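Participant: next one to model:
(chains A and B)
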Number of protein chains: 2
Amino acid sequence: MFDLHYTVMEINFNWGIPDPSTFVWKEIVEITKYVLETQHEKALQYAPAQGIEEVRYEISKFLIKRGFSLDEDYILLTNGAKEGIFILSEVFSNVVSEEPTYQGFISTMKYKGINVYPIPWDNEGPRIDLLEKIVKEKSIKYFYVTPVNNPMGRVMSMERRKQLLELASQFDFKIIEDDIYGFYVYDSPPLPAIKSLDKEGRVIYISSFSKIISPGLRIGFIAHEEIEKMVKIKNEINHQVSSLDQFIVGEILKRELIDNIINYARVLYKKKRDIMVQSIKEYFPQSVECTYPQGGFFMLCENSKLDSLLLLKEANRRGVKFVPGTEFYYSEKGKGSFRLSFSYENKIAEGIKILGELLRQEVSL
Amino acid sequence: MFDLHYTVMEINFNWGIPDPSTFVWKEIVEITKYVLETQHEKALQYAPAQGIEEVRYEISKFLIKRGFSLDEDYILLTNGAKEGIFILSEVFSNVVSEEPTYQGFISTMKYKGINVYPIPWDNEGPRIDLLEKIVKEKSIKYFYVTPVNNPMGRVMSMERRKQLLELASQFDFKIIEDDIYGFYVYDSPPLPAIKSLDKEGRVIYISSFSKIISPGLRIGFIAHEEIEKMVKIKNEINHQVSSLDQFIVGEILKRELIDNIINYARVLYKKKRDIMVQSIKEYFPQSVECTYPQGGFFMLCENSKLDSLLLLKEANRRGVKFVPGTEFYYSEKGKGSFRLSFSYENKIAEGIKILGELLRQEVSL
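Facilitator: Purely as a prediction, here's the structure:
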């Protein structure tokens, strides 16, 4: 009855929020000053819908780090990767998607009333055998995938990437590769993007600098050989992304600060991942199974007896936040699961301990 | 035959581009430094879809300058006013619009396949008698208006604003007031927004800082008593506008730099308007009639014998750019008209002289 008087410490396992220590804000201060002093008219004026050419050029060079090269003419800047998804959803039909997957993709599909066929993962990636079955039965145009899976943290194998692309070629569909966590693989070097295998313009590559530089600077992009129609849609939605943000990100790339940022962040997120994995071993009942995050910001935990919405309610009262598993499925699945993010929070062990206590009560019901 | 060897000077009467001398870029350098030093985590991190609360609070106070007050809870930040229009277009039906009007509104309606009933202006504003006729015949839900009209530069009278609101109340439709040029009235103080007369939440107010502070910083907004649904749509499209841009604009407002900017800009644009009006008197044939811009960035010129696309082609060869009149009409009108912007260009007399020469050739055909 005195619950309201507790000082509740907030522990956030909620969203894919970057650790703020990865923000090079001092460099950004200096860069903003430099950009405004050297480009003050261009940085504050309207810019082309597709994005400022010199910034797209820097992004084009940046893509080589993901294993492929594509000219700046084929890059469209978007307000985060989420806007890239929204732009694509304006032309979508006959969509298949991995499942579980990024809740922002699911929510855009639901908002648009677009029917999506879900394909589950095994340890290697989305199950190609099931995808093949669907593409043989139906006329499929798009397949959505997060190769470093959100919410599970599994990483699609190279072999599976090849198989997926072969299938796309055989059955003439496009792959939407959402690669925002592409650099964040922790126990081995990151695999090159699926796009790096693409010789036919089959992969529409979506990414952003939200998880690398800053999500407050809204610089995402779509890279694809047929970009014109998407540029027109971008223009209809909001003309362009912030000119100043474009120049800031472009200058960070130009000064080659990005490798240091990514290297620092990878070490940090690996450490946080390890703390979460270790804490779960220590505090969670064995009946709750969690994915092992090879990459990304998240893991997905599950117990069939669990009601994750009830768990969330209890957890919130103790100050712990996470996202219930239902968010990552198109249909009624995921009730017994929940996603934990280890990217932002520093009190990981404390939060997992609290969740462990609640899980022991819940699961034993 | 030596046309290609001329050095063609570019003269831009094209878009609603602010004069870059209105950008307070030195203050923006200092403010960005201050913002990043005091708020570096928040300015670079994710922000709420509706917008950062303290920034919305500053905008709420700013609205008093337009004659009304609305709590920050009822403000949604958008990527420019254009995104505000796109968000509204997601819920639109039964739309009536002034005509001629902002080409960005027309193009979004066409993109969405939304049928729009056009209402012409007289000198006072959109013709209420014709609007009344339509709303009596059809079930109308929205009426779109730019009270400082783009492309004509006419300003809707106070009496007409009242009549419009009364009609909306009587026939239960909403007014979309696109007020981005609201401050830019040159021969008298700006009239308060239509929203200032609104007691029933009938006016959905759209504006932005693109024409006042900077269009490169993408900070527009919608102000309305029922904002929740629009916040959800904003979240689906791209989560949020740039956090850094939000803080920069918020801080400019907080430091009360805005009155000085607007006062400087009004004097500047009035002077440019006067130069354009004077040059037209001097160089255009009398058979070409141009609106007198009481406000805004533009005027619309017309001659029924004219083919404005042909004129544009000729003008482009001489380095002069403008927008043909067809862009400002829903149907096949506007062929004999063209819009001239006086906001950006400094070589106004030179450009008008060139157009005058071409017009004498064209119109005499």
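Participant: does chain B sit close to the longest helix belonging to chain A?
Facilitator: Longest among the helix segments of chain A by residue count, using DSSP state H, is helix A:258-283. No - judged by Cβ under 8 Å from any Cβ of the partner chain, helix A:258-283 and chain B are separated, with a smallest distance of 12.2 Å. (Each C-beta comes from the backbone N, C-alpha and C, glycine too.)
Participant: list the neighbouring strands of the helix or strand following that helix plus their orientation.
Facilitator: Per DSSP states H and E, the first helix or strand lying C-terminal to helix A:258-283 is strand A:289-290. Strands that pair with strand A:289-290, judged by DSSP bridges, come out as strand A:298-302 (antiparallel).
Participant: what sits up against the partner strand?
Facilitator: Here strand A:298-302 makes contact (Cβ atoms under 8 Å, 6 or more residues apart in numbering or on different chains) with A:16, A:100, A:150-153, A:276-277, A:280, A:284, A:288-293, A:325, A:328, A:336-343.
Participant: for chain A, what spans make up the helices?
Facilitator: Using DSSP H, the helices assigned to chain A run over residues A:25-44, A:53-62, A:80-89, A:103-112, A:128-137, A:158-171, A:228-238, A:243-254, A:258-283, A:308-317, A:348-363.
Participant: how about the ones you listed in TSV, adding mean neighbour count?
Facilitator: Listed next are these as TSV, based on neighbours: other Cβ atoms under 10 Å in any protein chain shown:
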stretch	mean neighbour count
helix A:25-44	19
helix A:53-62	19
helix A:80-89	26
helix A:103-112	19
helix A:128-137	15
helix A:158-171	17
helix A:228-238	19
helix A:243-254	25
helix A:258-283	17
helix A:308-317	16
helix A:348-363	19
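Participant: which one, of the ones you listed, ends up nearest to A:L217?
Facilitator: Set against A:L217 and scored by Cβ to Cβ, the helices of chain A come closest in helix A:243-254, at 4.2 Å.
Participant: would you mind writing the CA trace of that closest one as PDB?
Facilitator: What follows is helix A:243-254 as a C-alpha-only set of coordinates in PDB (Å, rounded to 0.1, in the frame of the first residue of the first chain):
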ATOM      1  CA  SER A 243      20.200  20.500 -44.400                       C
ATOM      2  CA  LEU A 244      22.200  21.200 -41.300                       C
ATOM      3  CA  ASP A 245      21.900  17.600 -40.100                       C
ATOM      4  CA  GLN A 246      23.000  16.500 -43.600                       C
ATOM      5  CA  PHE A 247      26.100  18.600 -43.500                       C
ATOM      6  CA  ILE A 248      27.000  17.500 -40.000                       C
ATOM      7  CA  VAL A 249      26.800  13.800 -40.900                       C
ATOM      8  CA  GLY A 250      28.500  14.400 -44.200                       C
ATOM      9  CA  GLU A 251      31.400  16.100 -42.400                       C
ATOM     10  CA  ILE A 252      31.800  13.400 -39.800                       C
ATOM     11  CA  LEU A 253      32.100  10.900 -42.700                       C
ATOM     12  CA  LYS A 254      34.500  13.100 -44.600                       C
END
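Participant: how about it and chain B, touching?
Facilitator: Yes - Helix A:243-254 lies within reach of chain B by Cβ under 8 Å from any Cβ, at A:243-245, A:248.
Participant: cool, and stretch A:16-31?
Facilitator: Yes - using Cβ under 8 Å from any Cβ, we find that stretch A:16-31 touches chain B at A:17-18, A:20, A:23, A:25, A:28-29.
Participant: which pair of these spans the longest distance?
Facilitator: The largest separation in the residues of stretch A:16-31 next to chain B, counting by Cβ to Cβ, is between A:I17 and A:V29 at 21.7 Å.
Participant: quick one: low-confidence residue ranges for chain A.
Facilitator: Where chain A drops to pLDDT under 70, the residues are A:1-8, A:364-365.
Participant: and the spatially most central residue of it, backbone torsions?
Facilitator: Nearest to the geometric centre of chain A sits A:I180, at 4.7 Å (Cα atoms, centre = their mean). Per-residue torsions, A:I180: phi -60, psi -20 (degrees, to the nearest 10).
Participant: could you do A:P189 as well?
Facilitator: Note on A:P189: its backbone torsions stand at phi -60, psi 150 [degrees, to the nearest 10].
Participant: which ones are touching A:Y264?
Facilitator: For A:Y264, the contact set (Cβ under 8 Å, 6+ apart) comprises A:T22.
Participant: now it: how far from chain B?
Facilitator: A:Y264 sits 15 Å away from chain B, going by Cβ to the nearest Cβ, to the nearest Å.
Participant: equivalent analysis for A:L217, please.
Facilitator: Separation of A:L217 from chain B (Cβ to the nearest Cβ) stands at 6 Å.
Participant: check contacts around the residue lying closest to that residue once chain neighbours are set aside.
Facilitator: Of all residues not flanking A:L217 in the chain, A:D245 sits nearest, at 4.2 Å (Cβ to Cβ, 6 or more residues apart in numbering or on different chains). Taking Cβ under 8 Å, 6+ apart as the criterion, A:D245 is in contact with A:217-219, B:242, B:244-245.
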